[in-house]
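Colleague: Sequence first, predicted coordinates after that:
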Amino acid sequence: MARTKGFDPDAAVDKAMEVFWANGYAGTTPRQLSEALGIGPGSLYNTFTSKHALYERALRRYYERETVRLIELLDGPGSPRQRLRAAIDMVVTAALDDRERRGCMAANAAVEFADEDDVVHHLVRRIFDRQEAAFRSTIEEGRRAGEIDADADAAALASFLLATINGIRVLAKADPSPARLSAMADTALRAL
């Protein structure tokens with residue numbers, strides 16, 4: 001008779017995401033994962049097959065949690081400009097509240113893996129593409145509502161905002177100055 005798992009695999013992925021996010025893939029040991037998840041190495045590998053497979057699931061969870069939060073703000077109530085402001089402010093607040101200075105897990109993965117890992121590359125692109133698409137949709141709505149210049153290039157502005165939020169997260173790792181990060185957010189919004 002098979003033993004039932006003594007832990008919740010979904011909760012384990014949440015915990016693993018936090019460990020990978022704080023340490024990166026290479027900086028995370030199987031022992032750290034086992035301790036964080038409260039399971040032995042055997043259970044870790046029996047459930048997730050490998051450290052890399054668990055990392056992939058953690059990146060997917062990051063998408064589900066962080067990207068969905070951004071999209072919900074951009075799709076939520078308020079004018080398009082208000083929603084863009086709320087999304088950028090959320091990123092600034094999260095960066096300032098991040099005592100561990102983790103930055104963006106997707107950006108960290110992009111830097112750590114570059115083009116060396118097709119699966120990670122695909123997951124990172126998916127995260128960035130989805131965020132950019134949400135920005136673009138909101139910008140286009142703002143153009144139709146007359147809040148953003150009708151001649152503005154929505155695709156270019158969406159790419160710019162994606163670069164801005166990732167720049168905020170990266171800069172906050174080295175210099176979490178509220179004034180500096182807020183100035184970046186204000187400048188980005190004035191560009192609209």
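Modeller: Good, I have the coordinates. Residues are numbered from 1 along each chain as shown.

Colleague: List the buried residues of the helix or strand bottoming out on mean pLDDT in the chain.
Modeller: Every helix and strand of the chain was ranked by mean pLDDT, DSSP states H and E. The lowest is helix 41-48, at a mean of 86. Residues of helix 41-48 classed as buried: 43, 44, 45, 47, 48 (neighbour count, 16 or more other CB atoms under 10 Å). Just so you know, the C-beta spots here come from the backbone N, C-alpha and C atoms, and that holds for glycine as well.

Colleague: Work out the gap between it and the centre of the chain.
Modeller: Remark: helix 41-48 is offset 26 Å from the chain centroid, using CA atoms, centre = their mean, to the nearest Å.

Colleague: which other helices and strands contact it?
Modeller: For helix 41-48, the elements it packs on are helix 9-23, helix 30-37, helix 51-62, judged by 3 or more CB pairs under 8 Å, 6 or more residues apart in numbering; DSSP states H and E.

Colleague: Distance to residue 154 and mean neighbour count added to those, as JSON lines?
Modeller: As requested, these are exported to JSON lines (distance: least, CB to CB, whole Å; neighbours: other CB atoms under 10 Å):
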{"stretch": "helix 9-23", "distance to residue 154": "31", "mean neighbour count": "19"}
{"stretch": "helix 30-37", "distance to residue 154": "41", "mean neighbour count": "16"}
{"stretch": "helix 51-62", "distance to residue 154": "26", "mean neighbour count": "20"}
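
Colleague: Compare these and give me the one nearest residue 159.
Modeller: helix 51-62 (20.8 Å; CB to CB).

Colleague: Relative to residue 27, how far out is the nearest residue to residue 20 once chain neighbours are set aside?
Modeller: Distance criterion CB to CB, 6 or more residues apart in numbering; nearest residue to residue 20, sequence neighbours excluded, is residue 58 at 4.9 Å. Separation of residue 58 from residue 27 (CB to CB, to the nearest Å): 13 Å.

Colleague: hmm, who's touching stretch 79-88?
Modeller: 70, 73-76, 78, 135, 138-139, 141-142, 145, 147-148, 161, 164-165, 168, 185, 188-189, 192 (CB atoms under 8 Å, 6 or more residues apart in numbering).
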